[in-house]
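J.: Based on what follows, work out the 3D shape:
(one chain, ligands or ions: 2)
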Amino acid sequence: MVEEVVDDERRPARGKSARNPVPLTQVSTEPIARQSTGIDEVDRVLGGGIVPGAFVLLGGDPGIGKSTLLLQIAAHVSQEGPVLYVTAEESEVQTRIRAERLGVKSENLFLLAEGDIRTIIQAIESRSWLMAVVDSLQTTFNPELESAPGSVAQVRDVAAQVMRVAKQGCPVFLVGHVNKEGSERPAA
Ligand SMILES: Nc1ncnc2c1ncn2[C@@H]1O[C@H](COP(=O)(O)OP(=O)(O)OP(=O)(O)O)[C@@H](O)[C@H]1O
Ligand SMILES: [Mg+2]
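T.: Ligands and ions are numbered 1, 2, ... in the order given. The predicted structure follows:
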């Protein structure tokens with residue numbers, strides 16, 4: 001059994017679709033501007049760079065360098081516009097110290113040390129960021145759920161909320177820890 005929050009507002013009433021399907025041939029093919037991450041290999045994996053609305057899950061073993069890589073990417077992208085870096089794992093000071101070690105200095109890079117997904121979503125929606133980072137999936141939580149951060153219910157809820165906000169236009173990178181079995185999902 002997995003606990004979930006009932007949210008009727010999210011689901012449009014039957015027969016009242018919020019968006020209409022469009023014919024494939026009428027979908028705009030104007031080239032999408034891709035934002036470079038500053039790292040060729042990451043750009044290649046992303047298909048040429050970051051596109052608006054992208055939702056990227058960055059998974060990896062503990063200590064492999066996920067936060068470091070994303071801080072570097074965030075710093076690079078922030079040369080073009082405002083970038084939000086949310087960390088539920090480290091304090092703002094710790095992140096600042098890491099940034100200094102990496103030689104990262106940007107007026108356009110904003111930090112938020114927060115674990116409550118409701119506050120994080122608000123922050124992402126508060127202005128038009130060029131990109132946002134949420135570090136990490138397993139430490140971010142919805143207090144409306146009774147289960148602990150990192151549980152199946154929490155991970156599903158957080159991922160769904162972050163995906164929804166990303167689809168509104170702001171590209172989001174979400175960090176996911178990989179457990180001993182090599183899976184993104186927590187051991188239920
Ligand atoms: N490309 C790299 N080369 C060498 N050392 C690195 C590299 N990236 C990160 N490190 C170092 O590895 C350590 C762990 O990095 P980091 O905290 O970014 O990993 P993480 O995957 O976010 O870890 P966690 O799972 O604990 O959040 C740090 O001390 C960092 O300085
Ligand atoms: Mg980390």
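
J.: Now for L130: which residues touch it?
T.: 35, 77-78, 80-83, 171 (CB atoms under 8 Å, 6 or more residues apart in numbering). Quick note: C-beta positions are derived from backbone N, CA and C, even for glycine.

J.: mind running it again at 10 Å?
T.: Residues in contact with L130 (CB atoms under 10 Å, 6 or more residues apart in numbering) are 35, 50, 52, 74, 77-84, 108, 170-171.

J.: ok, stretch 130-138 near ligand 1 or not?
T.: No: applying CB under 6 Å from any ligand atom, one finds stretch 130-138 out of contact with ligand 1, separated by at least 6.6 Å.

J.: Whichever of the contacts of L130 end up buried, select them in PyMOL.
T.: Remark: buried members of the contacts of L130, expressed as a PyMOL selection using 16 or more other CB atoms under 10 Å:
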select buried, resi 35+50+52+74+77+78+82+83+84+170+171
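
J.: tell me the least confident of the contacts of L130?
T.: Within those, P52 has the lowest pLDDT, namely 90.

J.: just the strands in this protein please.
T.: 55-60, 83-87, 109-113, 131-135, 172-177 (DSSP state E).

J.: so which of these is the most packed in?
T.: Neighbour counts (mean count of other CB atoms under 10 Å) averaged over each of the strands of the chain peak at strand 131-135, with a mean of 27.

J.: helices or strands up against it?
T.: strand 55-60, helix 66-77, strand 83-87, strand 109-113, helix 117-125, helix 152-167, strand 172-177 (3 or more CB pairs under 10 Å, 6 or more residues apart in numbering; DSSP states H and E).

J.: how about the residues of the protein near ligand 1?
T.: Near ligand 1, when you scan the chain using CB under 6 Å from any ligand atom, you find 60, 62-68, 89, 177.

J.: If you go by neighbour count, which of the residues you listed are buried?
T.: 66-67, 89, 177.

J.: Could you tell me the model confidence score at the residue nearest to P62 when sequence neighbours are not counted?
T.: In space, and not counting its chain neighbours, P62 is closest to H177: 6.3 Å by CB to CB, 6 or more residues apart in numbering. pLDDT for H177: 87.

J.: quick one: contacts for H177?
T.: By CB under 10 Å, 6+ apart, the contact list for H177 reads 59-62, 64, 66, 89, 136-139, 150, 184, 186.

J.: List just the nearest of the residues you listed to V165.
T.: Using CB to CB, L137 is the member of the contacts of H177 that sits closest to V165, with 13.8 Å.

J.: how close does G60 sit to L84?
T.: The gap separating G60 from L84 is 21 Å, by CB to CB, to the nearest Å.

J.: Next: E4.
T.: 27 Å.

J.: One more: G47?
T.: Taken as CB to CB, the span from G47 to L84 is 23 Å.

J.: just I39 next, same as before
T.: 19 Å.

J.: Check I50 too.
T.: For I50, the distance to L84 - CB to CB - is 14 Å.
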